[in-house]
Structure formats: C-alpha cells, structure tokens
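Colleague: model the following, please.
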Amino acid sequence: MGMKATLCAALLAGGKSRRMGRDKAMLDWEGKPLWEHQMQTLLEVGPDEMMISGREDGPWAGKGHRVVQDRVLASGPIAGLAAVLAATRCQFVLAIAVDMPGLTSVYLEQLVSSCMDGRGVVPQIGGSYEPMAAIYPKASSTIAESLLSDNMLSLQNFVDCCISAGLLVPVAVDASTESLFRNLNTPGDL
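Modeller: Sure, this is the predicted structure:
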C-alpha cells in the first residue's frame, strides 16, 4: 500500500449465528471472547481507524469501539461491508469476519502490503474468493450500495464486480495458509 494510504480495520460481527446456536462473537477463544481476539488481531496491523460492523447493543457496547450498523437489515455481510465502506474516512478497509480466528496479523499485513494503485486485494482459494478477509478500497462503496439496493447480496458477486471495475485484485492462497480461513459455523467446528 502506498505510503500515504490510510487503513480502516473493520470486524464484521453482525451475523445471527443461527447454525452455531449462540452468538459467535462471545465464543471463548484462547481465554477471551472471539470478538476481542479478532479486534486484537486487527489492532496489531496498526490501522488508522477501527470499527465493528454489528449491533449497537452487542458485547462490545460501552467498550469504546466505533460501531456501525447495517443500513439495510437482514441482508447478510454485504450490508455490513457497505456500512463500513460508507462510514470510513480511510482509503482502504481491511474487513475480517468475527468467526475466522485463524487469521493472523502477519498474514493480514502481507495482504495490506499487496495493495497497490488504489486497488484492494481479496484472497482466493481455488475458484472461490475469501471476501470476509479482504481489503477493499473506499471506492468500492458505490458497488456495494448498488448491489444492496438491487438485493443482490452475494459477496462472491460483489468481489467479481470490484475486480471488473479494477478495484480489487485476487491473491492466490497457497495450501500452507488455507487453514487461516477456516470459519466457525457450528458447535462441531469448535
């Protein structure tokens, strides 16, 4: 990323955790709530700004974090991304899901250093993107808003649109780092 570019780190934690049966953000991870673990990982990257996409009354309430709520409710993670992209003052948003505790600050810093010429990066495993651990330029906000307005909620589609617009570049994930992207969806994943 260029020397002058600014980075917002955003934790996407607005999901309903239906398959888990309880709030994923509050799962115990190495002795602390999962959301706190993820915020610590983001903090280690040294962002200019941090925010949480989730409910105002979430477990982070009153802890001094900037919380951004979805403008369009029940629309999945694209609504959270759209809200964060609209709210940030930074040129880039590093967005990670609350349920991907394998992500490391070292890996995220590598992603940050892969951003060039105003373009963000999205990890790609095989034919699929990992949009919940990616860096989006602020300019992709208009695409997110447009898709949300049209009720086109697929993040894979959002990423495709951003790539077509020259705003995102896919970065291949090698086999040794695929485990970083494992997410926790059901009690069995713990």
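Colleague: quick one: the helices in this structure?
Modeller: For the chain, the helices defined by DSSP state H cover 34-44, 77-87, 105-114, 141-149, 155-164.
Colleague: would you mind finding the most buried of these?
Modeller: Of all those, helix 77-87 has the most neighbours on average by mean count of other Cβ atoms under 10 Å, namely a mean of 23. C-beta coordinates here come from the backbone N, C-alpha and C atoms, glycine included.
Colleague: point out the other helices and strands that it packs with.
Modeller: Applying 3 or more Cβ pairs under 8 Å, 6 or more residues apart in numbering; DSSP states H and E, one finds that helix 77-87 makes contact with strand 7-12, strand 49-53, strand 67-68, strand 92-97, helix 141-149, helix 155-164.
Colleague: re earlier: L12 is nearest to which of the helices of the chain?
Modeller: Across the helices of the chain, L12 has its closest neighbour in helix 77-87 (4.7 Å, Cβ to Cβ).
Colleague: what lies in contact with the closest one?
Modeller: The contact list for helix 77-87 (Cβ atoms under 8 Å, 6 or more residues apart in numbering) reads 8, 10, 12, 14-15, 51, 53-54, 66, 68-73, 93, 95, 97, 131-132, 136, 138, 140-141, 144-145, 147-148, 153-155, 158.
Colleague: just to revisit the earlier point, closest to P59 out of the helices and strands packed on helix 77-87?
Modeller: Using Cβ to Cβ as the measure, strand 49-53 is the one of the helices and strands packed on helix 77-87 that comes nearest P59, at 9.8 Å.
Colleague: compute the inter-axis angle for that closest one and strand 92-97.
Modeller: Going by axes from the mean of the first three to the mean of the last three Cα atoms, to 10 degrees, strand 49-53 is angled at 40 degrees with respect to strand 92-97.
Colleague: can you dump the C-alpha coordinates of strand 49-53 into CSV?
Modeller: The C-alpha atoms that make up strand 49-53 are tabulated as CSV, following Å, rounded to 0.1, in the frame of the first residue of the first chain:
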residue,chain,number,x,y,z
GLU,A,49,-9.2,3.7,12.2
MET,A,50,-11.1,0.7,13.7
MET,A,51,-14.8,-0.2,13.7
ILE,A,52,-17.1,-3.0,14.3
SER,A,53,-20.0,-3.8,12.0
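Colleague: contacts for the helix or strand bottoming out on mean pLDDT in the chain, please.
Modeller: The helix or strand of the chain with the poorest confidence is strand 28-29; it has a mean of 76 (mean pLDDT, DSSP states H and E). By Cβ under 8 Å, 6+ apart, the residues outside strand 28-29 that reach it are L34, H37, P101.
Colleague: let me have the residues you listed in TSV, extended by distance to I78 and pLDDT.
Modeller: Putting the contacts of strand 28-29 into TSV (distance: Cβ to Cβ, whole Å; pLDDT from 0 to 100) gives the following:
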residue	distance to I78	pLDDT
L34	22	89
H37	24	92
P101	22	91
